[in-house]
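Participant: 3D model of this:
(2 chains)
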Amino acid sequence: MTTRRDVIVNYVILGFFTISALYPIVAIVLVALQDPSQPVTGFAIPSHPELHNFVRAWDIGHFSQFLRSSALVAIAVVAVSSVLSIVAGYAFGTFRFRGDTALFYLLLLGLIMPYEAVIVPLYFDFRSLGLTDTYWALILPQIGFSLPFGIFWMRAFFLSVPRSLIEAARIDGASTFATLWRVLLPFGWPAVLTMVVITFMWTWNEFLLPLVMISQESHQTAPLGLAFFQYKYTTDIPGVAAASVIIAAPIMLIYIVLQRHFIRGMLSGAVKG
Amino acid sequence: MATIRYESVSKRFGETVALRDFSLDAGEGEFLVLVGPSGSGKTTALRILAGLEALTDGHVYIGDTVVDRVPPGRRDIAMVFQDYGLYPQMTVFGNMAFGLRMRKVPKDEIVRRVNDAARILDLEQLLERRPRQLSGGQRQRVALGRALVRQPQAFLMDEPLSNLDAKLRVQTRGEIRRLQAHTGVTTVYVTHDQVEAMTMGDRIAVMNHAVLEQVGTPSEVYESPRNVFVGGFIGSPAMTFGTYATERGNGSVVLRSGATSLTVSASDAIPSEVIVGVRPEHTRLWGDREDLIGPVQGRVELVEALGRESLISVATDGGAQFIIQAEGLVQAHIDDVVTFGVRRGHIHLFDPETTEAIGRI
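Facilitator: Got it, this is the predicted structure:
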């Protein structure tokens, strides 16, 4: 029985978390609308909403160039790491092979290790290969960094699939690939899309790696554009805020489009993973 | 249609033996039931035949071909799973057609075969639905249909009725049997339910602890159980057992357990101690004036009035247990003392050391 009191308590709790999630976002958007000549004082409704900040931020932050780099890197990383995560997760989740457990734990190590620890040696490795200041220096490491999570995630999905489904497909004469492609993936899209959204978000927001690997402006990604709003003695707060909104927009858009699947993916992972 | 043969098949999972020296044949078009309690190895035997599990020793034949290392998709068998294993994103038609598509059967042939199967199984109205829009019984029929359209060498069924309610189970039991007789496809059927085994199988194979205990027609296994396990497992309500000392008289043998004694005529050698097994339908109230051995007196422990008959569980002074089957509704109460006997020719004797059957008197 849900009593009236339960309903009220539920709404209070949900309301609290909604506000704490939305507050920073709303604050940033409001700041982005402030007049840059006025001093900004925390959470304030702008008296004259100023859309011009976005136009300014677009130019100062080189976003026409940087967003293109970001998109290129993110799409490449997501595409390659998703395919690899799906096939590796399929192997870990449905086959038994020699050393599978040991190999899986080795992968988990990648999930535990703080990646800041490897970034400096990684820089020297890439420099000796002559790959710094190329997109490869952003794409290859981030594929590597996203695989432990991706494989872990897809393995959980494949483990949650009823065994009889895979066996029925085998008896029906489906090859290993046909079983994956025609039987398992068609109802595994929520899990795959969830992984895609998370990987995309991580790649898109990555700051440290491009900062270390890239010095040419032509290859820099959007988060680095934020540095242009930091002057010697001052910071262009409304400009930074507008730039942040611009950077976050594509992710918001992807999330909104895919959110139904995303929630379903998260839930199925949570319950059965 | 093909014959199926297991030749000394063993399966080990690490230290655990799931199947030990298992040999069994199924003739062309035969309906063979593997029955046993959980963990008896019956499902392992079926999965080895399907190719879903590799065997450790021995050989499996489908027809004249050794299939030990043939992948499941090339064994030309169809399997019905306990949870049906239907593809959730495909329609009923898609589910049934999938195996044929994978085998590159021409499109019009697929449509023809699926429609035929749908007609037989009364699924014609449901072809465009998805599994989650179907009831349990309908899903079950789709799973059967998926096997049927393949026109395979053999049907393998792994407890296909266990997710259905009691009434539907009885109905589907008949349907599967009719379907099998109609198609004539050799079928290996796994169940833990001895009623299912008795009513469906041409022959039944009783398994326990990874070992095949007995194979035979339902009546053979029922009337002449090879050992105590088979006697107790097949038949409902179950055979009752007691350990008796034997005393040889002139031309007769007295079986004695506490104050209970049964005098039987026996010419063969009988060991000094035996396990006596008696089925409820052969245990009658003394007044029934059949050819009974007894009288035996026992105290009533439980009365189950089923309408057409009543089952009275009794314990004798010596501690032996019997279940008496009596006609109609019987007025008996707990702790009443009743007098009963056992029908001549229906006392099963087992060796207490080996639990193997000695004979029936």
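Participant: neighbours around B:Glu301, how many?
Facilitator: 14 (other CB atoms under 10 Å in any protein chain shown). C-beta coordinates here come from the backbone N, C-alpha and C atoms, glycine included.
Participant: in contact with it, which residues?
Facilitator: Neighbour list for B:Glu301: B:313-315, B:334 [criterion: CB atoms under 8 Å, 6 or more residues apart in numbering or on different chains].
Participant: same thing but 6 Å
Facilitator: B:313, B:315 (CB atoms under 6 Å, 6 or more residues apart in numbering or on different chains).
Participant: tell me the secondary structure of it, please.
Facilitator: Taking DSSP: H, G, I helix; E, B strand; the rest coil as the rule, one finds B:Glu301 in the strand state.
Participant: can you pull out the helices in the chain?
Facilitator: You didn't pick a chain, so chain A it is. A:4-32, A:52-60, A:63-94, A:100-112, A:116-128, A:136-160, A:163-171, A:176-178, A:189-205, A:208-213, A:237-272 (DSSP state H).
Participant: look at chain B instead
Facilitator: Under DSSP H, chain B gives helices at B:42-50, B:92-102, B:107-120, B:136-149, B:166-183, B:194-200, B:218-223, B:228-233.
Participant: rewinding a little: between the helices of chain A, which gets nearest to chain B?
Facilitator: Closest approach to chain B among the helices of chain A is made by helix A:163-171 (3.4 Å; CB to the nearest CB).
Participant: what about that closest one, distance to the chain center?
Facilitator: 33 Å (CA atoms, centre = their mean, to the nearest Å).
Participant: give me the mean pLDDT for it.
Facilitator: For helix A:163-171, mean pLDDT rounds to 92.
Participant: neighbours around A:Thr132, how many?
Facilitator: The tally of other residues near A:Thr132 (other CB under 10 Å) stands at 20.
Participant: for residue 251, give me the pLDDT.
Facilitator: Here I'm looking at chain A. We have a pLDDT of 88 for A:Ile251.
Participant: think we crossed wires, I meant chain B
Facilitator: 73.
Participant: partners of the closest residue to it other than its chain neighbours in the sheet?
Facilitator: Of all residues not flanking B:Gly251 in the chain, B:Ser265 sits nearest, at 6.2 Å (CB to CB, 6 or more residues apart in numbering or on different chains). Beta-bridge partners recorded for B:Ser265 (DSSP bridges): B:Ser252.
Participant: at the geometric centre of the chain, which residue sits there?
Facilitator: In the absence of a named chain, this looks at chain A. Most central in chain A under CA atoms, centre = their mean is A:Met201, positioned 1.8 Å from the mean C-alpha point.
Participant: thinking again about what came up before, just give me the neighbour total for the residue nearest to B:Gly251.
Facilitator: Quick note: B:Ser265 (other CB under 10 Å) scores 11 neighbours.
Participant: and it, how far from B:Val276?
Facilitator: From B:Ser265 over to B:Val276 the distance is 15 Å, taken as CB to CB, to the nearest Å.
Participant: please apply the same query to A:Ala249.
Facilitator: In this view, A:Ala249 and B:Val276 are 85 Å apart by CB to CB.
Participant: neighbour count winner among the two?
Facilitator: Remark: of A:Ala249 and B:Val276, B:Val276 carries more neighbours, 24 against 11, as counted by other CB under 10 Å.
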